[in-house]
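This is a predicted model, with the sequence first.
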Amino acid sequence: MKIPGINGQQSCSRVGLGASRRRFLRNASFTVAGLISQEWHSTPGSAQTGARGSSTVTATGDRPDYRIEITEIEWELAPKKRLRTAAYNGQIPGSLIRLTEGRLATIEIVNKLDHAEIVHWHGQWIPTDVDGSMEEGSPMIPPGGMARIAFPPRPSGLHWYHTHAMANRSLNHGLYSGEFGVLYVEPRSNPALYDQERFLVLHDWEPYYSASDDGSLMVNYVSGSINGRMLGHDDPIEVREGQRVLFHIVNASATEVHWLTLPGHRFQVLALDGRPVPTEALVETLRLGPAERISAVVTMDAPGVWVLGEARTAFRSAGMGTVVEYAGRSGEPKASPPARLAWDYRSFADPTAVVRKPDLTIPMVFTSRFQGHGALDRWMINGKSWPEAQALLLHEGLRHRLVFDNRSMDDHPVHLHRHSFELVSIRGAALSGVHKDVVIVEAGTVVEADLVATNPGNTLFHCHQQDHMDSGFMALFRYQ
Ligand SMILES: [Cu+2]
């Protein structure tokens, strides 16, 4: 079954979905958009004051489509859990930004922090000056500064925007903070064939360093949240039996992989990292590495009150969950761990793998070096840490096979900017049709992914685990 809300197709094989529901949904989404535009009107301060470091021009007049103000806030994860962190527009996650594929969008970013910041448009195929990566050449926004950027959003689907600043040893900066929000790019045609659409953003909080088995440092967390609230401290998601709910889920954790489950229900996965999958497999659990996104539909066919949350008790108890409540049901929300945690990207691939030959092959070997007790490991790609590494060369129009050879003892969610890649093999097993911009390369395994180079300009590649990225796990691709 295809869901046009995701893949832009006009036809739908689903039966029994009345036109009235569709109309209701369209109205609902207009309401959300209306709220967002009011929000920027009410944000204090003029767009034109303090305009240092403006980078990129706008082509659509004076008023931006969205405004992002970066400030430090006090945020209530739960009534007895308040913390100070930087955030976008005073909320966690930041405002939901909905853009239309291909229609030029203008965004104003105001940095009210005391240090330089930069906002990355994760998953978007856009130019280097607006992508939001200083390694590619996008400008940082100085403290008190403002930038106005414009880009035609593509591809459609579930993406996100977040700080691309280094945290280094500080556990307050980078993605340890609340500087993230959802970017949803509507396909050109988008009849909404589901009953509810919900965005869920996962994050871990109160990071601290602890020693791993070998004595090097690793990051742990005290608490976790979905949409900025700990389990039990947000309004429940109210559903009715038989409804189809489309969940758009973003893992905005700085370092943690998360497993999600909703007892008694299954997820039909429609898209990974915003890109529709060839096989919309039904799964009991979802796995999302840092920066991965999943769009999945759940048919509500098990009345009760349930926890939609981390499959692992420790993370759920730390707050990572939200409540799904059927109409007319009450009581304590039930959580039950799945029989096993299983995830395989191949489940969503084309059933008959299409074998393609690459024009070029680029080996990328991931290794680490122990730096001593109480230190972060140093990370290397092909034996070099950022910024010592030489740029890797891409040839426009050609198919490059990236061979991610993880010779370390950690799993790595590696991310490519400004492009998607197609997974072509995992542990030696071929697949095709799964296009992503983040892939978890498990310890001691090889993943191959094809990159067709069609967006000239500097292109950053890095591990999305903040402590790894900050410790050398980055490389730059250049077009020749
Ligand atoms: Cu990593």
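Here it is on my side, so go on.

C-alpha from now on. contacts and neighbour counts both.
Will do.

The ion contacts on the chain?
Applying CA under 5 Å from the ion, we find that the chain lies next to the ion at His412, Cys463, Gln465, His468.

Among those, which ones are in strands?
His412, Cys463 (DSSP state E).

Now rank the residues of the chain next to the ion by neighbours and give me the top one.
Counting neighbours by other CA atoms under 10 Å, Cys463 leads the residues of the chain next to the ion with 28 neighbours.

Starting from Leu288, give me the distance back to that one.
Relative to Leu288, Cys463 is positioned 14 Å away (CA to CA, to the nearest Å).

Which residue ranges make up each domain of the chain?
1-342, 360-479 (automatic domain parsing).

can those go into a markdown table with extra columns for mean pLDDT and distance to Ala349?
Shown next, in a markdown table, are the domains of the chain (pLDDT from 0 to 100; distance: least, CA to CA, whole Å):
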| stretch | mean pLDDT | distance to Ala349 |
| --- | --- | --- |
| domain 1-342 | 84 | 6 |
| domain 360-479 | 96 | 5 |
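
I'd like those laid out as CSV, including distance to Pro351.
CSV is the format used below for the domains of the chain (distance: least, CA to CA, whole Å):
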stretch, distance to Pro351
domain 1-342, 7
domain 360-479, 8
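
which stretch among the ones you listed comes nearest Phe348?
With CA to CA as the measure, domain 1-342 is the member of the domains of the chain nearest Phe348 (4.5 Å).

out of everything not next to it in sequence, what's closest to Asp437?
Computed as CA to CA, 6 or more residues apart in numbering, the closest residue to Asp437 that is not its neighbour in sequence is Ser420, at 4.7 Å.

Next, the contact list for that neighbour, please.
For Ser420, the contacting residues are Gly123, His435, Lys436, Asp437, Leu451, by CA atoms under 8 Å, 6 or more residues apart in numbering.

one step back: Arg229: which of the residues of the chain next to the ion is nearest?
Closest approach to Arg229 among the residues of the chain next to the ion (CA to CA): Gln465, at 22.4 Å.

wait, isn't the closest one in contact with Val257?
No. Using CA atoms under 8 Å, Gln465 is not in contact with Val257; the gap is 9.5 Å.

what do the two both touch?
Pro290.

show me the contacts for the residue lying closest to Lys334 once chain neighbours are set aside.
Nearest non-adjacent residue to Lys334, counting by CA to CA, 6+ apart: Trp306, 4.7 Å away. Residues counted as contacts of Trp306 (CA under 8 Å, 6+ apart) are Leu262, Pro263, Val323, Val324, Glu325, Pro333, Lys334, Ala335.

Who wins on neighbours among the residues you listed?
Greatest neighbour count in the contacts of Trp306, by other CA under 10 Å, goes to Leu262: 26 neighbours.

and it, what are its phi and psi?
phi -130, psi 100 (degrees, to the nearest 10).

hang on, it packs against Gly304?
No. Using CA under 8 Å as the test, Leu262 is too far from Gly304 to be in contact (11.3 Å).

close enough to count as contact, Val119 and Thr163?
Yes. Counting by CA under 8 Å, Thr163 is a contact partner of Val119 at 4.6 Å.

ok, then the element right after the helix or strand where Asn220 lies?
Asn220 belongs to strand 217-226 when assigned by DSSP states H and E. Proceeding N to C from strand 217-226, the next assigned helix or strand is strand 237-239, under DSSP H and E.

quick revisit: among the contacts of Trp306, which are located in strands?
Per DSSP E, the contacts of Trp306 map to strands at Val323, Val324, Glu325.

would you turn these into TSV with distance to Arg229?
Shown next, in TSV, are the ones in strands among the contacts of Trp306 (distance: CA to CA, whole Å):
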residue	distance to Arg229
Val323	11
Val324	14
Glu325	17
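
neighbouring contacts of stretch 330-340?
So stretch 330-340 is contacted by 261-263, 284-285, 304-308, 311-313, 323-325 (CA under 8 Å, 6+ apart).

out of these, who's nearest the ion?
Arg312 (21.4 Å; CA to the ion).

Next, count neighbours for the closest one.
Burial of Arg312 is recorded as 17 neighbouring residues (other CA under 10 Å).

Run a quick neighbour tally on Arg229.
The tally of other residues near Arg229 (other CA under 10 Å) stands at 25.

beta partners of the residue in the chain that the ion sits nearest to?
Here the residue of the chain nearest the ion is His412; by CA to the ion that distance is 3.9 Å. When bridges are called by DSSP bridges, His412 pairs up with Val441.

Thought Gln465 was touching it, still the case?
Yes. When contacts are counted by CA under 8 Å, His412 is listed as touching Gln465 (7.2 Å).

Surely Arg407 and Thr367 touch.
Yes. Using CA under 8 Å, Arg407 is in contact with Thr367, at 5.5 Å.

So these two - more neighbours on which side?
A direct count of neighbours by other CA under 10 Å for Arg407 and Thr367 places Thr367 higher, at 21 against 16.

Now do the helices in the stretch 351-480 of the chain.
According to DSSP state H, counting those that start in this stretch, the stretch 351-480 of the chain carries its helices in the segments 466-469.
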